[in-house]
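1. Structure for the following, please:
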Amino acid sequence: MRQFVKFGIVGGSGVLVNFVVFYLANKALENGLGLHANDVVAQLGSTRWNVRWYHVMSTLAFLLANTWNYQLNRSWTFRGVHARSWLRGFFPFLATGLLAFAVSLTCMTLLMNPTTPVGLPDSVFDDSTGLRTKSYWAQAISTFIAMPVNFIINKLWTFGKPRTVAKDQPNASL
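-> As a prediction, this is how the structure comes out:
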């Protein structure tokens, strides 16, 4: 339970990092380039699917927050379980994060798309103020949806005790 609470505190700080990076990237996009979060970056082949700026900003925010969370979890939450080097521990953490990020990005895409059943309504989220910015709310909601998946997999895989094979046990494989 103590690890769960610490993981939650670290996760909360990571959510803050995620939101700050997303916000700053959005402001740079709007003010520096004159673009909107929902503008298309690239079309995926000859399909109707697009990569939009909010996908790019969300990916950047995820990568920075994921690295932040890994270091804090390694040095505080799961302190003393350093059977791996920093990089060897980071890649399972990143892979776990990517699974949760896939869930998050899918949710965000559904929330940003007004034609889906869960799309955030343009009448409320009209981007007129910070609290009415649709991409901010979609980022927040999708991040919270992905949190439980992230904790469970990290607890069991990334920061779990490495399995060892006892030397005196016979090899079960033939």
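2. going forward, measure contacts between C-alpha atoms and count neighbours the same way
-> Will do.
3. those strands in the protein, which residues are they?
-> Remark: strands assigned in the chain by DSSP state E are 40-43, 50-52.
4. Single out the most deeply packed of the ones you listed.
-> Greatest average neighbour count among these goes to strand 50-52 (a mean of 16), per mean count of other CA atoms under 10 Å.
5. Kindly reformat the strands of the chain as a markdown table containing mean pLDDT and distance to residue 12.
-> Shown next, in a markdown table, are the strands of the chain (pLDDT from 0 to 100; distance: least, CA to CA, whole Å):
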| stretch | mean pLDDT | distance to residue 12 |
| --- | --- | --- |
| strand 40-43 | 91 | 30 |
| strand 50-52 | 92 | 26 |
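6. what's the closest of the ones you listed to residue 93?
-> strand 50-52 (25.2 Å; CA to CA).
7. of all the strands of the chain, which lies closest to residue 8?
-> Of the strands of the chain, the one closest to residue 8 (CA to CA) turns out to be strand 50-52, at 30.0 Å.
8. which regions of the protein lie under the pLDDT threshold?
-> Scanning the chain for pLDDT under 70 picks out 81-83, 158-174.
9. The same query, at a cut-off of 80, please.
-> 1, 4, 78-84, 92, 147-174 (pLDDT under 80).
10. Helices along that one, start to end?
-> For the chain, the helices defined by DSSP state H occupy 2-27, 33, 53-72, 86-112, 134-153.
11. I'd like those laid out as JSON lines, including mean neighbour count and distance to residue 120.
-> Shown next, in JSON lines, are these (neighbours: other CA atoms under 10 Å; distance: least, CA to CA, whole Å):
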{"stretch": "helix 2-27", "mean neighbour count": "18", "distance to residue 120": "18"}
{"stretch": "helix 33", "mean neighbour count": "9", "distance to residue 120": "25"}
{"stretch": "helix 53-72", "mean neighbour count": "20", "distance to residue 120": "14"}
{"stretch": "helix 86-112", "mean neighbour count": "19", "distance to residue 120": "5"}
{"stretch": "helix 134-153", "mean neighbour count": "19", "distance to residue 120": "7"}
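12. I'd like these as JSON lines, with distance to residue 128 appended.
-> Shown next, in JSON lines, are those (distance: least, CA to CA, whole Å):
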{"stretch": "helix 2-27", "distance to residue 128": "14"}
{"stretch": "helix 33", "distance to residue 128": "18"}
{"stretch": "helix 53-72", "distance to residue 128": "17"}
{"stretch": "helix 86-112", "distance to residue 128": "16"}
{"stretch": "helix 134-153", "distance to residue 128": "10"}
